[in-house]
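Student: please find the sequence and the predicted model below.
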Amino acid sequence: MRIMVIGAGIAGAATALALRRAGFEVTVYEAHPDTGADIGAFLTLASNGMRALAQLDAAEPVAAAGFAITTLRVLDATGTELMTAPLGDHDHALTRYRCLRRAELAAALVRETRQRGIPIRHGARLTTVTEDTAGVTATFADGTSASADLLVGADGLHSAVRSHLDPAVRPGYAGQSVFYGYTTAARLHPEPERITMIRGSGAAFGYLTSPAGETFWFARVPGPAVTAEEVAGTAPAGWRDRLLPLLTPDATPAADIVAATGDQLMVTNALHLTPAIRWHGHRCVVVGDAAHAASPATGQGASMALEDAVVLAKALRDAGSLQAASLPAALRRYDWHRRPRVEHNMAVSAHLTADDPANPTPFPTESAAPARRPPDDEELARLLDWDTRLPEEPADG
């Protein structure tokens with residue numbers, strides 16, 4: 001029962017951990033020569049993501065790599081506080097929201113993967129996939145190939161595995177460019193474990209400060225996508241000069257935080273997929289951003305990928321075999337249990353982006369509500385609980 005995982009990022013490493021726990025022989029193939037590309041962005045890992053990691057016995061090392069967030073504050077463009085509320089499940093240290101750099105999360109999961117004896121082959125860029133009812137073969141750019149009973153595509157937004165399953169699907173621009181930055185020079189009052197979100201007049205802005213005094217911030221700016229040429233040719237000071245006029249009119253800390261930021265400032269485009277794409281074939285399946293990338297407005301991308309890893313592994317474990325008779329049912333069960341939740345997140349993210357007050361011409365979301373109701377908190381807890389079987393989908397589902 002051999003499984004190939006394509007991609008050694010967050011989704012790929014977590015999926016490998018889950019599949020190994022389910023008893024499968026797993027090998028990970030990564031296109032990059034090391035742990036993968038890092039644009040320097042950070043993320044917040046929500047309580048549901050931490051609960052998923054707990055099922056893989058990986059919550060503790062991930063928690064140690066970041067810092068806790070227990071409170072959310074929301075301001076408007078005038079600096080008026082609209083709300084302050086507890087954030088997520090913070091009664092237990094390993095279910096609190098965590099903030100960490102994306103590369104730190106990926107590195108923590110890769111370390112766990114290696115420590116558990118799961119091989120990772122770097123420099124293996126997937127070019128073609130051949131599958132039938134008997135097995136699946138992956139061919140790589142260096143001319144080598146590998147075969148297994150199942151191939152899992154955890155290779156991100158520009159997934160080669162998704163292109164095999166659904167060649168017409170391409171990620172689209174979600175209507176906003178996203179700036180990220182870090183500074184230790186911002187003059188802010190200490191706000192331990194608090195993230196502040198600002199509904200600005202020119203950009204949506206968020207910031208939080210680590211226990212070491214480093215302020216992490218992001219800004220989502222509506223408008224045309226930044227080009228590859230702009231990314232390659234613009235220095236951090238140029239991005240800072242472009243962003244500050246959007247923030248200065250507001251009576252919030254946002255402009256001062258950006259002004260205090262030096263060279264640790266970068267920008268990327270928010271991309272997303274449309275729902276209802278094909279997730280699996282005979283012996284291929286996609287997880288994480290390869291299946292359901294959303295714009296970053298909900299901050300759930302990594303957590304959704306971690307949930308995928310647990311549910312897919314449970315579906316395959318419960319099938320008892322990766323033979324032709326049982327594998328299609330296991331992949332359908334994974335699809336059945338995951339699609340309503342992730343497509344709900346896609347829709348919410350798209351509408352939050354479109355409804356941003358800084359966006360004068362909302363982009364088409366193309367994201368309708370999912371056909372079935374997503375699971376509530378109790379149902380999700382049961383789906384993620386490693387010691388329970390996944391419910392079977394209805395015969396007419």
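Tutor: Sure, I can see it.

Student: select the longest strand from this structure.
Tutor: strand 172-183 (DSSP state E).

Student: how distant is it from the center of its chain?
Tutor: Here strand 172-183 is found 14 Å from its chain centre; the criterion is CA atoms, centre = their mean, to the nearest Å.

Student: so for it, mean pLDDT?
Tutor: Throughout strand 172-183, pLDDT has a mean value of 94.

Student: now the element after it, going C-ward?
Tutor: Under the assignment DSSP states H and E, the closest C-terminal helix or strand after strand 172-183 is strand 194-199.

Student: residues contacting the helix or strand that comes right after that next one, please?
Tutor: Next along the chain after strand 194-199, taking DSSP H and E as the criterion, comes strand 204-209. Contact with strand 204-209 is made by 69, 99, 186, 188, 190-192, 194-198, 215-220, 247, 252-254, 257, 297, 356, 358, as judged by CB atoms under 8 Å, 6 or more residues apart in numbering. Just so you know, the C-beta spots here come from the backbone N, C-alpha and C atoms, and that holds for glycine as well.

Student: and the very next helix or strand once past strand 204-209, what does it pack onto?
Tutor: Going down the chain from strand 204-209, the next helix or strand is strand 215-222, by DSSP H and E. For strand 215-222, the helices and strands in contact under the criterion 3 or more CB pairs under 8 Å, 6 or more residues apart in numbering; DSSP states H and E are strand 172-183, strand 204-209, helix 236-247, helix 254-259.

Student: so which of those is nearest residue 9?
Tutor: Of all those, strand 172-183 sits nearest to residue 9, with 17.3 Å by CB to CB.

Student: direction included, what does the closest one pair against?
Tutor: Using DSSP bridges, strand 172-183 pairs in its sheet with strand 215-222 (antiparallel), strand 265-272 (antiparallel).

Student: how about that strand, which residues are buried there?
Tutor: Neighbour-count burial for strand 172-183, counted by 16 or more other CB atoms under 10 Å, picks out 172, 174, 175, 176, 177, 178, 179, 180, 181, 182, 183.

Student: can you check stretch 373-389 too?
Tutor: By neighbour count on 16+ other CB under 10 Å, the buried set for stretch 373-389 is 374, 375, 380, 383, 384, 386.

Student: from those residues, which ones fall inside strands?
Tutor: Counting by DSSP E, no part of these is found in strands.

Student: save those residues as CSV, and put in distance to residue 166 and pLDDT too.
Tutor: Shown next, in CSV, are these (distance: CB to CB, whole Å; pLDDT from 0 to 100):
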residue, distance to residue 166, pLDDT
374, 22, 87
375, 25, 89
380, 26, 94
383, 25, 95
384, 27, 96
386, 30, 97
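
Student: mind checking which of these are in helices?
Tutor: Applying DSSP state H to the buried residues of stretch 373-389, the entries found in helices are 380, 383, 384.

Student: surely the last one meets residue 55?
Tutor: Read it as residue 384. Yes. Under the criterion of CB atoms under 8 Å, residue 384 makes contact with residue 55 at 5.8 Å.

Student: got any residues that touch both of those two?
Tutor: With CB under 8 Å, 6+ apart, residue 384 and residue 55 have common neighbours residue 310.

Student: can you pull out the helices in the stretch 51-200 of the chain?
Tutor: Under the criterion DSSP state H, counting those that start in this stretch, the stretch 51-200 of the chain contains helices at 59-65, 102-115, 160-165.

Student: reformat the ones you listed as a markdown table; add distance to residue 138, mean neighbour count and mean pLDDT.
Tutor: Converted to a markdown table, these look like this (distance: least, CB to CB, whole Å; neighbours: other CB atoms under 10 Å; pLDDT from 0 to 100):
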| stretch | distance to residue 138 | mean neighbour count | mean pLDDT |
| --- | --- | --- | --- |
| helix 59-65 | 28 | 18 | 95 |
| helix 102-115 | 18 | 20 | 95 |
| helix 160-165 | 9 | 22 | 97 |
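
Student: could you dump the ones you listed to a markdown table with distance to residue 14?
Tutor: Formatted as a markdown table, the helices of the stretch 51-200 of the chain follow (distance: least, CB to CB, whole Å):
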| stretch | distance to residue 14 |
| --- | --- |
| helix 59-65 | 10 |
| helix 102-115 | 6 |
| helix 160-165 | 16 |
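
Student: ChimeraX command to pick out the buried ones of the contacts of strand 204-209?
Tutor: Selection of buried members from the contacts of strand 204-209 for ChimeraX, criterion 16+ other CB under 10 Å:
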select :69,99,186,188,194,195,196,197,198,215,216,217,218,219,220,247,252,253,254,257,297,356,358
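
Student: how does the protein divide into domains?
Tutor: 2-68+98-172+273-384, 173-271 (automatic domain parsing).

Student: by mean pLDDT, show me the worst of those.
Tutor: Among the domains of the chain, domain 2-68+98-172+273-384 scores lowest, with a mean of 90.

Student: isn't there a strand covering residue 304?
Tutor: No. Secondary structure of residue 304 (DSSP: H, G, I helix; E, B strand; the rest coil): helix, not part of a strand.

Student: which ones are touching it?
Tutor: 49, 288, 292, 294, 341, 342, 345.
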